[in-house]
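>>> need a 3D model of the following:
(one chain, ligands or ions: 1)
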Amino acid sequence: MSRVNTVLGPIPAEELGVVAVHEHIGYGMPGSELDTKWWKTPEERYEETVPKLRKFHEYGGGTFVDATGICNGRDIDYYRSLSAKTGVHIVACTGFVGGDTALPFFARATVDYLTRHFVHEITVGIGDTGSRAGVIKVGVSRGGRMTDLDKRIYRAAARAAVTTGVPILTHLAIDVEPAVAIFEEEGLPLHRVLFGHADDGVNAPNTPDTWIAGRGGRIGFDTFGYETELEDPPFWARPRRERLDHFLGFLGKGFLDQALVSADANCSPLGWPGVKGHTVNYLFEDLLPDLRAAGLDEATIKKLLEDNPADFLTIHD
Ligand SMILES: [Zn+2]
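Numbering: from 1, shown residues only. Next comes the predicted model:
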């Protein structure tokens, strides 16, 4: 049976439904939880998050993949209660957003230690929650070049992916040659990797999306909604039409099977104010109407939001 790890246990991939493949319940930089300026009560966090997940469910959303790595505010017990109360499947990740968000304990760890840690979180559970990670997060540190630590994390993630059959999701796909080399050296087929943030305003020009896809990798157009049209756009925003044209152009090159979409929104940001007016529900409220207006049929939309993510997330035994 095909299966995917969610925080409430493994489920058949056929039950995922519509998947938001790169999102955050709450993302913050390591240490932000120590700054009283940003403290939120549990009531505030639930109040900000539950209505968004309920709406996601009402729109037909089935599964929310939380791409928040270790050290960035990942909170599995909280995710379990959110999932149980809203009916949205939540997939949690192991791994790190980038080497620069790994605390010193992990930053000093060997590839072997990191591999065992990732495998433990996938096969035994995260902390004492009993919830198993369903995806492995890796990423490129600020500065735009893969650091030695980034490379150790990528190699450990590749080994954990080969051992467990759980896929990898990347933060950024710039400076991608060393990443591809590591995956190939470790024997991980590139279709087990979702190369993310191919579409954001800063990184899109430096992301060789068709080169990666030509080698079998999956491409994440996963910052939909971070638009220059927003009232207070973030620095990685991009004009709505430009992102959409980029995406449609990618599909037009024959890469529909390898395309995944998401909004990378925060339900309740940690340690920063977040981006006003942007939620996971952009997918239903804006992206789907834009795709239909561009002429995509329902089968293509189902492929993007259901079939491709199910294929990606299914554990390969
Ligand atoms: Zn993200």
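
>>> what is the burial count for T36?
Counted with other CB atoms under 10 Å, residues neighbouring T36 total 6. All C-beta atoms are positioned from the backbone trio N, CA, C, and that covers glycine.

>>> separation between the residue of the chain positioned farthest from its centre and L103?
The outermost residue of the chain, judged against the average C-alpha position, is T36 (27.9 Å), by CA atoms, centre = their mean. In this structure, T36 and L103 are 20 Å apart, going by CB to CB, to the nearest Å.

>>> before we move on, what about D200?
26 Å.

>>> neighbour count for the two, which is higher?
Neighbours were counted for D200 and for L103 using other CB under 10 Å; D200 has more, 22 against 12.

>>> what sits against the more buried one?
223, 226, 236, 238 (CB atoms under 8 Å, 6 or more residues apart in numbering).

>>> contact residues of the stretch 1-150 of the chain facing the ion?
A67 (CB under 5 Å from the ion).

>>> nearest residue to whichever residue of the stretch 201-317 of the chain sits closest to the ion other than its sequence neighbours?
Of all residues in the stretch 201-317 of the chain, D264 sits closest to the ion, at 4.4 Å by CB to the ion. Leaving aside its sequence neighbours, D264 sits nearest to T223 (CB to CB, 6 or more residues apart in numbering; 4.8 Å).

>>> wait, the one you found sits on A204?
No. Assessed by CB atoms under 8 Å, T223 is found out of contact with A204, at 9.1 Å.

>>> what touches both of those two?
Contacts common to T223 and A204, judged by CB under 8 Å, 6+ apart, are 238, 243.

>>> for I11, grab phi and psi.
phi -130, psi 160 (degrees, to the nearest 10).

>>> tell me the contacts of the residue nearest to I76 when sequence neighbours are not counted?
What sits nearest to I76 in space, not counting adjacent residues and going by CB to CB, 6+ apart, is T129, at 4.3 Å. T129 makes contact with 7, 76-77, 80, according to CB under 8 Å, 6+ apart.

>>> again, 10 Å this time
Neighbour list for T129: 7, 75-77, 79-80, 92, 121 [criterion: CB atoms under 10 Å, 6 or more residues apart in numbering].

>>> what would the residues you listed look like in JSON lines with pLDDT and secondary structure?
Below are the contacts of T129 laid out as JSON lines (pLDDT from 0 to 100; DSSP: H, G, I helix; E, B strand; the rest coil):
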{"residue": "V7", "pLDDT": "98", "secondary structure": "coil"}
{"residue": "D75", "pLDDT": "96", "secondary structure": "coil"}
{"residue": "I76", "pLDDT": "98", "secondary structure": "helix"}
{"residue": "D77", "pLDDT": "97", "secondary structure": "helix"}
{"residue": "Y79", "pLDDT": "98", "secondary structure": "helix"}
{"residue": "R80", "pLDDT": "98", "secondary structure": "helix"}
{"residue": "A92", "pLDDT": "98", "secondary structure": "coil"}
{"residue": "E121", "pLDDT": "98", "secondary structure": "helix"}
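
>>> most neighbours out of these, which is it?
So for those (other CB under 10 Å), the most neighbours sit at A92, 28 neighbours.

>>> ok, L149 to F96 distance?
Using CB to CB, L149 is found at 9 Å from F96.

>>> of those two, who's got more company?
F96 (30 against 19).

>>> what sits closest to that one if chain neighbours are left out?
In this structure, F96 finds its nearest non-sequential neighbour in G69, 4.3 Å apart by CB to CB, 6+ apart.
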